[in-house]
Structure formats: structure tokens, C-alpha cells
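# what would the 3D arrangement of this be:
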Amino acid sequence: MKSNLLMHFSVDKENKRVNIKREFNASLPNVWSAWTEAEILDKWWAPAPFESKTKFMDFREGGKRLYAMVSPQGEERWAIFEYTSISPKTNFKHSSTFCDAEGNPNSEIGSSYWDLTFSENGDLTTVDITIKRDSLAELEKIIEMGFKEGFTMTLQTLDKILEAK
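Numbers count the residues shown, from 1 in each chain. Below you'll find the model as predicted:
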């Protein structure tokens, strides 16, 4: 089992993108399931002390996931994924937009466009993520909001879930 897992995080302001490359000590099917099944996503898709709670999820092209990140005080921050492309166990793409509990978008922040590619090398699975924003201002705002730190925490939680499998 590899202990120094790759975690590369870079911001490409010119192209309004965040690039993340992350290794996991798990098989590709287990990592894929962790990113595509609501029951598993809800165990890790929020930085502590928040919890993720999925209202509904339909993982298919044209499908959506509506979920909230819930604070210990019960405050809910809603977001919706809209899946645009899925190549099973290889790649999927979705938009991610902050919204209300009914899925109505919050136009103040805009959307992120995620492209996730999965590859297996022996006992390791690598997830290569590109997140694109419509504007540099939006990109800078999510970075200021602590995206790198929060997402790093969520991936560490995912490590623990995958280790337990």
C-alpha cells in the first residue's frame, strides 16, 4: 500500500481552471462507485464538520444530483450537479451550481464545469480533475472561499472510506 499518494493541485488563471490529480489506494471500481453513488458520496463529499445529504441523484447523461452541505448547526448550502457525459469507469463530466433546496440556481456565483478521468495502475487509481469557471473573478472567488483546503479535506475523508472497503 502506497503511503505518499499523489495530490497535485494547480490553478490556471489564464484558462480559468483548477487542475487536480489525486491517487487513491483502491481499485478503479471502488473509486468510481465513491464518485457516482449517492450513499457513498454522502459519506465524504463535504469538508468536516459539514455533512453531505443528497435529496436526489440520477447518475446518467442528462441526470442530476441535488444535495446540501449541512453544518453542525443545521445550516444548509445547496448545490446541483447536471451530468453531461458519462463513459463508465473512465470519465464523467458535470456542471456544479449553487442553488436553493429546489434546485433553482444562485446566479451570484455561477457554475463550475467538472471533467473527471479515472485510470488504474496496479493497486492505485488516479482521478484527474479539471474544473473550469466562466470567469477569472468566479475562479478567484472559489479559491478565496477555501476550495483547495476544503476539497483536500474531503479527499482525505474519501481515503479513509476506501481503506475500509
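
# so where is this protein shaky, pLDDT-wise?
By pLDDT under 70, the weakly predicted segments of the chain are 1-2.

# helices of that one, start to end?
Remark: helices assigned in the chain by DSSP state H are 28-36, 38-44, 136-144, 147-164.

# as a markdown table, the ones you listed with distance to residue 80 and mean neighbour count would be great.
All C-beta spots, glycine's among them, are computed from the backbone N, C-alpha and C. Formatted as a markdown table, the helices of the chain follow (distance: least, C-beta to C-beta, whole Å; neighbours: other C-beta atoms under 10 Å):
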| stretch | distance to residue 80 | mean neighbour count |
| --- | --- | --- |
| helix 28-36 | 16 | 18 |
| helix 38-44 | 13 | 17 |
| helix 136-144 | 16 | 15 |
| helix 147-164 | 17 | 15 |
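
# quick one, which of those helices is nearest to residue 83?
helix 28-36 (9.3 Å; C-beta to C-beta).

# circling back: between the helices of the chain, which gets nearest to residue 54?
Comparing these by C-beta to C-beta, helix 38-44 comes nearest, at 4.1 Å.

# residue 9 is in contact with residue 143, correct?
No: in this structure, residue 143 is not within contact of residue 9 by C-beta atoms under 8 Å, at 10.3 Å.

# identify the contacts common to the two.
Taking C-beta atoms under 8 Å, 6 or more residues apart in numbering as the contact rule, residue 143 and residue 9 both touch residue 18.

# residue 127: how many residues sit nearby?
20 (other C-beta atoms under 10 Å).

# so who does it touch?
The contact partners of residue 127, taken as C-beta under 8 Å, 6+ apart, are 20-22, 24, 31, 35, 116-118.

# can you select the buried ones from these in ChimeraX?
Command for ChimeraX, covering only those of those found buried under the criterion 16 or more other C-beta atoms under 10 Å:
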select :20,22,24,31,35,116,118
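
# same list (the contacts of residue 127) but as JSON lines, adding distance to residue 81.
Compiled in JSON lines, the contacts of residue 127 are given as follows (distance: C-beta to C-beta, whole Å):
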{"residue": "20", "distance to residue 81": "17"}
{"residue": "21", "distance to residue 81": "21"}
{"residue": "22", "distance to residue 81": "19"}
{"residue": "24", "distance to residue 81": "20"}
{"residue": "31", "distance to residue 81": "18"}
{"residue": "35", "distance to residue 81": "11"}
{"residue": "116", "distance to residue 81": "11"}
{"residue": "117", "distance to residue 81": "17"}
{"residue": "118", "distance to residue 81": "17"}
